[in-house]
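Quick one, structure for this:
(2 chains)
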There are 2 protein chains.
Amino acid sequence: MNIRLYNALILTMEPDSPVFAGEIWVKNDKIAYIANRDELSEQWNKLNVPRIKWDLELDCKGNLLMPGFKDAHTHSAMTFLRSFADDLPLQEWLNDKVFPMEAKLTADDIYDFTRLAILEYLTSGITSIFDMYLNPDAVAEACLDIGMRCCLVGGLNNFTSSIHQMEDEFLKWNKTGSLINYQLGFHAEYTCSKELLCGVSELAHHYKAPVYTHMSENIREVEDCKKRNGVTPVTYLDSLGVFDFGGGGFHCVHVTEQDMNLMQMRRLSVVTNPASNLKLASGIAPIAEFVKRKIPVAIGTDGPASNNCLDMFREMFLVTALSKYREDDAASMDALNVLCMATTQGARVMNQNKCDSLAVGKCADIIMIDMHQPNMQPVHNISKNLVYSGSKSNIKMTMIGGKVLYLDGHFNIGEDVEYLYKKCNAIVKRICNSTFLK
Amino acid sequence: MNIRLYNALILTMEPDSPVFAGEIWVKNDKIAYIANRDELSEQWNKLNVPRIKWDLELDCKGNLLMPGFKDAHTHSAMTFLRSFADDLPLQEWLNDKVFPMEAKLTADDIYDFTRLAILEYLTSGITSIFDMYLNPDAVAEACLDIGMRCCLVGGLNNFTSSIHQMEDEFLKWNKTGSLINYQLGFHAEYTCSKELLCGVSELAHHYKAPVYTHMSENIREVEDCKKRNGVTPVTYLDSLGVFDFGGGGFHCVHVTEQDMNLMQMRRLSVVTNPASNLKLASGIAPIAEFVKRKIPVAIGTDGPASNNCLDMFREMFLVTALSKYREDDAASMDALNVLCMATTQGARVMNQNKCDSLAVGKCADIIMIDMHQPNMQPVHNISKNLVYSGSKSNIKMTMIGGKVLYLDGHFNIGEDVEYLYKKCNAIVKRICNSTFLK
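Numbers count the residues shown, from 1 in each chain, chains lettered A, B, ... in the order given. Just a heads-up that it's a prediction; the model follows:
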């Protein structure tokens, strides 16, 4: 497949690269050529452009091409609980509403609700997800069937899965070299026995692999851990050797100086989930502090039961706006920094370094931003327009691995979207017995 | 004009009215009939539906009709500074970046940039705005030419406009009975002399009219006022009789117990602007406290130079999410309450009581929410879907005064949108000398 995306503005997210006018050529699943307009017109004859056989030539009409967003923390299939049980504190919400309903989910349900989430990722320009959930195989199948890129992360806990199962998944999904890869992980300190965590640590040491987990999301979690173990979750987990080969924490809202020192030492990353942290009254993560210490920060939506949407524009705005509020400094966390978190840093957390920016040889995970909508005008500064006034309504195209999966509001996923909605509503009727359903 | 919107879900925002399936008929600029599906089918022959001559019949395909959003605080024409000067503290941003650029604006510029903002309001389902800006006449003309509903509010200050001019505008724009009305107002305590404020008070007394102003937006403003006048802005302004006939404050982030007592006594409203307040590091308003005291709360975007977008979905999510965070209570500020702020309470602040809900005889200011997008599925609870996972990408139609101005991504405003974008970029090139412009 040869695809030509021409007449575009391009934001590569390569270091210090400004926005320029030009075009991008895609060959199969990779970027084959990127040129600015002037270079291209000089090389036009040499490249013999008119004689290349294009499978698709897309006139971008001055719209912006940029790397797709990386949703670095999500539980896709939790779409099944969207708007089911909001307005509750975290632990109550988990224990009384989420866990009992999740117990009723089949692998097929997870497959279908992951597919529902993927549709939403595509509408929001998200080309890759870092997904922790029950039954990673079902999540992977949903992604493969549609063409979504996904890094699975182990969600090990005392109730489901096992070390042995995670190791199998780790080996299976890192072997395929396709859209799916896998990072070791567990649900959280408060859902894992010491024995289990030691097992995770052994696995990390055996494969010299990083480990990811929910960490220090709210105060109660931290206080409970201190009661149980005498120290904070970061310190406790580190003491078991879990982070000896790096990794990182989802949330990290309530961390101490000592926690951050440890995180620096172990080269841990943070995946921040600002909408979820507000909505569950968990708090505001100290993003400016992480950045000052060069702790890499990526951005996640968290699952749609706690957010409740999968919209990176909302998250990007919140990362900068909440940092400004928290630091009492309107200059905190500029737009380009936040864009970097939402693209390149997200890719690195997921060990998807080939998807982090637009460059020759990298994965063709490209989105097109509609600049012809009023919220993107006038054009003083494109990065600021994206982070401060951008919206998922600006997503005109989402391409993953060279395949155009979403274009001008239409999905190209070989599936009837309405049929999937009906199926999903029937499943939630069975599981949750909701009263308002079409 | 007779318009029939059929095969819809309907959320009227009338007290205690649930969502139901049915249709809405519009005659000229008013709602002529609303019925649920069962009632309608019983009355089908009596109403003689097949013989009514419809100018437009729109199959809503199961999508949701609801009252348009009311953006209860904005400065539309500030689109000209979008992404021009972010990441600065409020006073510096105002004094060094905003005021000098505003001084260069002509009435024609304000007209064009208000039109740019109106396009964005339409894409966000906003059918009415409470607009404070230089040259209200130019703002009104832009609204009238497109068909936008607008309540102008006086922006009196020491540098532009005058009491006399505001009185003229007040009389002129409240006489027309059309899309435009006018409320008395002034910019803020810190930009108005005591003499000017006494003039506002006299006018309020003369016309028994409410008065609106920016009030207690950030700590510096409150502290400066206390230094100058010995009391907080609310107390000071009230002592001059400004609020003797009601009115309200935009922002109200930093208010005291005594301020809130006064606000209750004078029946003042609050218009909250959460995105702007975060982005300028002003703070988080005590919305739960206002609601507990039955102080009416409406929602505004603030101007696009401080937000930077005009998106009520972002604001609605922030109102509830920030309240949950501020009160440390994930149950704070439920979705239906927030929807009410964004529709009915907004209309009341603007003295547009005929636009607050969907009912026979009310203004046909109706929006259609696309339920066939993945972020609105599954359907456990429509209000929660709207507030927690809704997005401007769900706005399928925006109708104001019975005119469909926006439908399926297309504007019906008798104007070439691209031409307006070009014009706006040329103006900012002249005024701001920006380097990145198409």
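
Check the secondary structure at A:V26 for me.
Using DSSP: H, G, I helix; E, B strand; the rest coil, the secondary structure recorded for A:V26 is strand.

nearest spatial neighbour of A:M397, skipping sequence neighbours?
Spatial nearest neighbour of A:M397, chain neighbours left out: A:M368 (3.8 Å); criterion: CB to CB, 6 or more residues apart in numbering or on different chains. (C-beta placed from N, C-alpha, C; glycine too.)

The one you found in helix, strand or coil?
strand.

what's the burial count for it?
By other CB atoms under 10 Å in any protein chain shown, the residues close to A:M368 number 26.

Isn't it up against A:N394?
No. Taking contacts as CB atoms under 8 Å, A:M368 lies outside contact range of A:N394: 9.1 Å.

Now name the helix or strand holding A:Y121.
helix A:107-123 (DSSP states H and E).

Can you name the element that comes right after that helix?
strand A:126-131.

Helix A:107-123 and that following strand, what's the angle between them?
Calculated by axes from the mean of the first three to the mean of the last three CA atoms, to 10 degrees, strand A:126-131 forms an angle of 140 degrees with helix A:107-123.

For stretch A:6-21, list every residue counted as buried.
By neighbour count on 16 or more other CB atoms under 10 Å in any protein chain shown, the buried set for stretch A:6-21 is A:6-13, A:19-20.

near chain B, from those residues?
Contacts with chain B are made by A:V19 out of the buried residues of stretch A:6-21, judged by CB under 8 Å from any CB of the partner chain.

related to what we said a few turns ago, the helix holding A:Y121 near chain B anywhere?
Yes. Legend: contact between helix A:107-123 and chain B by CB under 8 Å from any CB is shown at A:116-117, A:119-120, A:123.

quick one: furthest residue from the center of chain A?
A:N45 (40.8 Å; CA atoms, centre = their mean).

which among the residues of helix A:107-123 next to chain B gets closest to A:E221?
Closest approach between the residues of helix A:107-123 next to chain B and A:E221, by CB to CB: A:A117, at 25.2 Å.

Just give the closest residue to the closest one, not the sequence neighbours.
Spatial nearest neighbour of A:A117, chain neighbours left out: A:S76 (3.6 Å); criterion: CB to CB, 6+ apart.

Quick check, the one you found in contact with A:I126.
No. In this structure, A:S76 is not within contact of A:I126 by CB under 8 Å, at 10.4 Å.

intersection of neighbour lists for the two?
A:L310 (CB atoms under 8 Å, 6 or more residues apart in numbering or on different chains).

Any residues of the stretch 201-350 of chain A in contact with chain B? List them.
A:275, A:277-281, A:283-284, A:304, A:307-311, A:314, A:317, A:320-322, A:324-325, A:327-332, A:334-335.

Just the buried residues from these, in PyMOL please.
For the buried members of those, the matching PyMOL selection, counting by 16+ other CB under 10 Å, is:
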select buried, chain A and resi 275+277+278+279+280+281+283+284+304+307+308+309+310+311+314+317+320+321+322+324+325+327+330+332+335
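
Got the domain ranges for chain A?
As given by automatic domain parsing, the domain ranges for chain A are A:2-67+A:362-411, A:69-350.

now the strand or helix carrying A:K227, how far from the centre of its chain.
Following DSSP H and E, the helix or strand that holds A:K227 is helix A:219-229. Relative to the chain's own centre, helix A:219-229 is displaced by 28 Å; criterion: CA atoms, centre = their mean, to the nearest Å.

one step back: buried deepest among the domains of chain A, which one?
domain A:69-350 (a mean of 22; mean count of other CB atoms under 10 Å in any protein chain shown).
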